[in-house]
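K.L.:
Just need the structure, nothing else, for what follows:
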Amino acid sequence: MNRYILIRRLRLPAILLLIGVVALLHQAGAIDHFWHLFWPLLFILVGVMLLAERAALNADGGYTAMPYPGAPYAGAVDPNAPAVEPPAPEIAPFAPTHTEEYEKHSEGEQS
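P.N.:
Below is the predicted model of the structure:
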């Protein structure tokens, strides 16, 4: 299952859990007013859930939105376009090209 969908499905249960925890704290006498603590925590919870949804959506590759109706989406391939091969990756040499650092000095020392 997609992480974005999982986080989105957990939104309502997380809000219900918050209501239950704040109601339990109110019933136990730990807090005086239910609504004075509930609203700020609700806004924080919704903000964290939205950030988690955005992060999950971005980690999964995002979504392709059309800039205007009828526009091709970003992943569309034109069948009439010529095939373009990606450039070959450059291979870095394993040995250094400049070897003066490894030559022995006249006194027998190495650098």
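
K.L.:
which parts of the lengthiest helix in the chain are buried?
P.N.:
Criterion DSSP state H: the longest helix present in the chain is helix 34-59. Residues L37, F38, M49, A52, E53, A56, L57 are the ones in helix 34-59 that count as buried (16 or more other C-beta atoms under 10 Å). (Each C-beta comes from the backbone N, C-alpha and C, glycine too.)

K.L.:
Looking at these, which one is closest to P82?
P.N.:
Nearest to P82 among the buried residues of helix 34-59 is L57, at 33.4 Å by C-beta to C-beta.

K.L.:
so which helix or strand takes in the nearest residue to that closest one once chain neighbours are set aside?
P.N.:
In space, and not counting its chain neighbours, L57 is closest to Y4: 4.6 Å by C-beta to C-beta, 6 or more residues apart in numbering. Assessed by DSSP states H and E, Y4 sits inside helix 3-9.

K.L.:
so what secondary structure elements neighbour that helix?
P.N.:
The helices and strands touching helix 3-9, judged by 3 or more C-beta pairs under 8 Å, 6 or more residues apart in numbering; DSSP states H and E, are helix 34-59.

K.L.:
Mind checking the pLDDT average for the helix it packs on?
P.N.:
Helix 34-59 carries an average pLDDT of 87.

K.L.:
helix/strand/coil for D32?
P.N.:
Secondary structure, DSSP: H, G, I helix; E, B strand; the rest coil: D32 is coil.

K.L.:
and it, how many neighbours does it have?
P.N.:
If you count neighbours by other C-beta atoms under 10 Å, D32 ends up with 8.

K.L.:
distance of it from G20?
P.N.:
As defined by C-beta to C-beta, to the nearest Å, D32 lies at a distance of 18 Å from G20.

K.L.:
do A56 as well
P.N.:
Relative to G20, and taking C-beta to C-beta, A56 is found at 25 Å.

K.L.:
Ok, N2 next?
P.N.:
28 Å.

K.L.:
ok, now A52?
P.N.:
Distance check for A52 against G20: by C-beta to C-beta, it reads 20 Å.

K.L.:
ditto for I5
P.N.:
Separation of I5 from G20 (C-beta to C-beta): 24 Å.

K.L.:
between these two, who's got more neighbours?
P.N.:
Each of I5 and G20 has its neighbours counted (other C-beta under 10 Å); I5 has more, 13 against 10.
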